[in-house]
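Student: just a sequence and a predicted model for now, questions to come.
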Amino acid sequence: MPGEAFWLRGEETRLAFARFVNMARRQRGWSIEKLADDADIEVGELMSIEQDAHHEPELRTIWRLSEVFDVSQARLMELAGLASPKDTQAIEEAVRYAARSTAITALTIEEQAAFDGLVSVLRDKAK
């Protein structure tokens, strides 16, 4: 069913978005409270992003996170499922990244490599 495939892709990208936010935060050694304070976002919103693949973040949240993490707002919106991707490279990289990452305290070498690959795609502001 075509609608189901689109929904699953949206769920995959939101999971990747959640993992990205979690890993970017952990890479900096920040708590959820620190990120919320730095990005001027509610702690509950960040907890929902990191823990619920069905959560749809607010546009302002995407904008603030793109500023804090220095990534493209448009790419982050695509990853969060709030915009249709213009190319599939970022989405495919994000899904690969989410599949390789786990929620542990320190990033493994593999997680760091996957995270770095995703950040390089998300920072591609020219596309």
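Tutor: Good, I have the coordinates. Residues are numbered from 1 along each chain as shown.
Student: from Trp63, how far off is Glu33?
Tutor: Noted for Glu33: a distance of 20 Å to Trp63, by CB to CB, to the nearest Å. (Glycine included, C-beta is placed from N, CA and C.)
Student: so between these two, which is more surrounded?
Tutor: Trp63 (15 against 10; other CB atoms under 10 Å).
Student: per-residue confidence for the more buried one?
Tutor: Note on Trp63: pLDDT of 96.
Student: surely Asp38 meets Glu67?
Tutor: No - Asp38 is beyond contact range of Glu67, at 9.5 Å (criterion: CB atoms under 8 Å).
Student: wait, what's in contact with the nearest residue to Arg75 once chain neighbours are set aside?
Tutor: In space, and not counting its chain neighbours, Arg75 is closest to Leu122: 4.7 Å by CB to CB, 6 or more residues apart in numbering. For Leu122, the contact set (CB atoms under 8 Å, 6 or more residues apart in numbering) comprises Phe20, Phe69, Val71, Ser72, Arg75, Leu76, Leu79, Ala90.
Student: what do you get if the cut-off is 7 Å, keeping everything else the same?
Tutor: The contact partners of Leu122, by CB atoms under 7 Å, 6 or more residues apart in numbering, come to Val71, Ser72, Arg75, Leu76, Ala90.
Student: the fourth one touches Arg64, doesn't it?
Tutor: Translated: Leu76. No - in this structure, Leu76 is not within contact of Arg64 by CB atoms under 7 Å, at 10.2 Å.
Student: looking at these two, which one has more neighbours?
Tutor: Leu76 (23 against 20).
Student: any idea how far the host helix or strand of the more buried one is from the chain center?
Tutor: Assigned by DSSP states H and E, Leu76 belongs to helix 73-79. Between the centre of helix 73-79 and the centre of its chain there are 8 Å (CA atoms, centre = their mean, to the nearest Å).
Student: can I get that helix in PDB? Just the C-alpha atoms.
Tutor: What follows is helix 73-79, C-alpha atoms only, in PDB (Å, rounded to 0.1, in the frame of the first residue of the first chain):
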ATOM      1  CA  GLN A  73      17.300  23.800   8.800                       C
ATOM      2  CA  ALA A  74      15.800  22.500   5.600                       C
ATOM      3  CA  ARG A  75      17.600  19.100   5.900                       C
ATOM      4  CA  LEU A  76      16.600  18.800   9.600                       C
ATOM      5  CA  MET A  77      13.000  19.500   8.600                       C
ATOM      6  CA  GLU A  78      13.200  16.700   6.100                       C
ATOM      7  CA  LEU A  79      14.700  14.400   8.700                       C
END
